[in-house]
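**Q** Sequence below, structure please.
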Amino acid sequence: MFIASMIVKTAPERAEEAVLSLNRIPHVSTHGIYKESNIIVVAEADRVEDLTDLSRYILNEFEGVLGVFPTFLSSDQAIQETSPQSSTMP
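**A** Residues are numbered from 1 along each chain as shown. The predicted structure follows:
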């Protein structure tokens, strides 16, 4: 599972509408609007490619979105891969 946070930059008059639309997407939550037009978003996905696709979808399909900017990415898979039990080093 991958968890990402991002800032969705909108035209100020479209921010509220964008929040409502974003909250309808499964595994996506919003956490407020900062400085009139920056929406704080957290998303979960099974694959990092799904998060990339989500960013493209938001940018291309939502009216008034000016940019999607990732701020954080984490994965429970990375933790499992670095544990001593799964190490490939001798």
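**Q** From now on I want contacts and neighbour counts done on CA atoms only, so please keep to that.
**A** OK.
**Q** Next, the buried residues of the strand ranked longest in the chain.
**A** In the chain, taking DSSP state E as the definition, the longest strand is strand 65-75. Of the residues in strand 65-75, 65, 67, 68, 70, 75 count as buried by neighbour count, 16 or more other Cα atoms under 10 Å.
**Q** Would you map the strands across this protein?
**A** 2-10, 28-34, 38-45, 65-75.
**Q** what does the longest strand of the chain rub up against?
**A** The contact list for strand 65-75, computed with Cα atoms under 8 Å, 6 or more residues apart in numbering, reads 1-11, 14, 18, 55, 58-59.
**Q** List just the nearest of the buried residues of strand 65-75 to residue 46.
**A** Lowest distance from residue 46 to the buried residues of strand 65-75 (Cα to Cα) belongs to residue 75, with 9.3 Å.
**Q** rewinding a little: just the buried subset of the contacts of strand 65-75, please.
**A** In the contacts of strand 65-75, burial by neighbour count holds for 2-10, 14, 18, 55, 58-59, counting by 16+ other Cα under 10 Å.
**Q** Now render those residues as a markdown table, adding distance to residue 25.
**A** Output for those, formatted as a markdown table (distance: Cα to Cα, whole Å):
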| residue | distance to residue 25 |
| --- | --- |
| 2 | 16 |
| 3 | 15 |
| 4 | 14 |
| 5 | 15 |
| 6 | 15 |
| 7 | 16 |
| 8 | 14 |
| 9 | 17 |
| 10 | 17 |
| 14 | 17 |
| 18 | 11 |
| 55 | 12 |
| 58 | 10 |
| 59 | 14 |
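**Q** Using CSV, please lay out the residues you listed together with pLDDT and distance to residue 40.
**A** Compiled in CSV, those are given as follows (pLDDT from 0 to 100; distance: Cα to Cα, whole Å):
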residue, pLDDT, distance to residue 40
2, 92, 17
3, 94, 13
4, 95, 11
5, 96, 7
6, 96, 6
7, 97, 5
8, 97, 7
9, 98, 9
10, 97, 11
14, 95, 14
18, 96, 11
55, 95, 13
58, 96, 13
59, 95, 14
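**Q** Out of those residues, which two sit at the greatest distance?
**A** Applying Cα to Cα across those, the maximum distance is between 2 and 14, 28.1 Å.
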